[in-house]
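**Q** here is my input; please provide its structure:
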Amino acid sequence: MSTKKKATKTKTAPKLNTPTLEDVMAVRLLVRAREDFQSQRKRMDNRMGRKADGDAQNVQERAIHAEDAELFVGISDAARQQEAEIEKKLKKVLKRFPVYTEWLLNVKGVGTIAAAQIIGNIDIHKATTVSKIWQYCGLNPGMVEGKKRVENADGTFKLIPTGKLIRGDKLTAGFVAPYNKNMRTALCGVLADGFIKAQAPYALEHYYPYKERLANSEKVTEEIRKAGAKAESIAWKDAKPAHRDRAAKRKMIKAFLSDLYVAWRTLEGLEVRPPYQEQYLGHKHAS
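**A** Next up, the predicted model:
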């Protein structure tokens, strides 16, 4: 009696999409549209004395007639609905990007808007090292060449390198910002808080341990103790809690961006290189 073996089918990995420039532009436009509606809603809520959750503030001078309040509340609520609708559309567009479906979607604490900010702003093909991403996002405390904006004859502007060095993570008078201010806010503000609120691995493994280490560190940092005064040298353990908090958030976000760089470049089939400090100086990038 002969027996026939059943043919076994081998599962093949699903083919990943190759995002186009048009896909990236769609993400950028949706993010900006949401920001426009959000800004409109916040201004309207502020004028009405309304909190972010819709409850009324205790501000007597903003009192208005009940019938008028309904009109303004309707405008605010319509903007809020548009924000939610745009977020739904963003989720659909983000599915075109392997870095979202294969990685960001699985990172606890990363929401739709944060993912859209990252994908819409960072060009992973130009980011040949993670150090370039750190610089773009305002997380490089080293010195970089400062640039100035010069107006052309036709009214357009161009950036001119000056040959002078400025801090890569700070604004310097007379020079254009050496980083994307919106990205630093989105990462060190919104995303960092999201990691902490969700008690995500990035917070548990980087934020809390580093914050605790700084609270006991004798190493010196520069801190402005009073508004308008010059920065003073002070031990980390004696620094303001808010200063240590910001430093720990930066440390956490840099760790996240390091993993993002590797995952994203790998998914795109691009070369993955270690940070400059590891590749050439033999030590890890300082926070």
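**Q** and for Leu165, the neighbour number?
**A** A total of 12 residues lie near Leu165 under the criterion other C-beta atoms under 10 Å. Bear in mind the C-beta positions are built from the backbone N, C-alpha and C, glycine included.
**Q** contact partners of whichever strand or helix holds it?
**A** Per DSSP states H and E, Leu165 falls inside strand 157-167. Strand 157-167 is contacted from outside by 141-152, 172, 175-176, 178, using C-beta atoms under 8 Å, 6 or more residues apart in numbering.
**Q** can you rerun that using 10 Å?
**A** 140-152, 172-178 (C-beta atoms under 10 Å, 6 or more residues apart in numbering).
**Q** among those, the buried ones, what's the ChimeraX command?
**A** Remark: buried members of the contacts of strand 157-167, expressed as a ChimeraX selection using 16 or more other C-beta atoms under 10 Å:
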select :140,146,147,175,178
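**Q** where do the helices sit along this structure?
**A** 21-48, 66-94, 98-101, 112-121, 130-136, 181-184, 192-197, 201-202, 208-215, 241-267, 276-280 (DSSP state H).
**Q** picking that back up, may I see the buried residues of the strand holding Leu165?
**A** Result for strand 157-167 [16+ other C-beta under 10 Å]: buried residues Ile166.
**Q** let me know the pLDDT of Lys230.
**A** The score at Lys230 is 81. That number is its pLDDT.
**Q** residues contacting it?
**A** Glu222, Ile224 are the contacts of Lys230 under C-beta under 10 Å, 6+ apart.
**Q** for it, what are phi and psi?
**A** Main-chain dihedrals, Lys230, degrees, to the nearest 10: phi -80, psi 160.
**Q** name every strand pairing with the strand holding Leu165 and say which way it goes.
**A** Strand 157-167 has its sheet partners listed here by DSSP bridges as strand 143-151 (antiparallel).
**Q** Thr20 touches Val93, doesn't it?
**A** No: contact criterion C-beta atoms under 10 Å: Thr20 and Val93 do not qualify, at 11.6 Å.
**Q** rewinding a little: need the helices of the chain in TSV (columns: mean pLDDT and mean neighbour count).
**A** TSV is the format used below for the helices of the chain (pLDDT from 0 to 100; neighbours: other C-beta atoms under 10 Å):
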stretch	mean pLDDT	mean neighbour count
helix 21-48	87	16
helix 66-94	84	14
helix 98-101	97	21
helix 112-121	96	22
helix 130-136	96	22
helix 181-184	95	16
helix 192-197	97	18
helix 201-202	98	19
helix 208-215	97	16
helix 241-267	97	20
helix 276-280	57	13
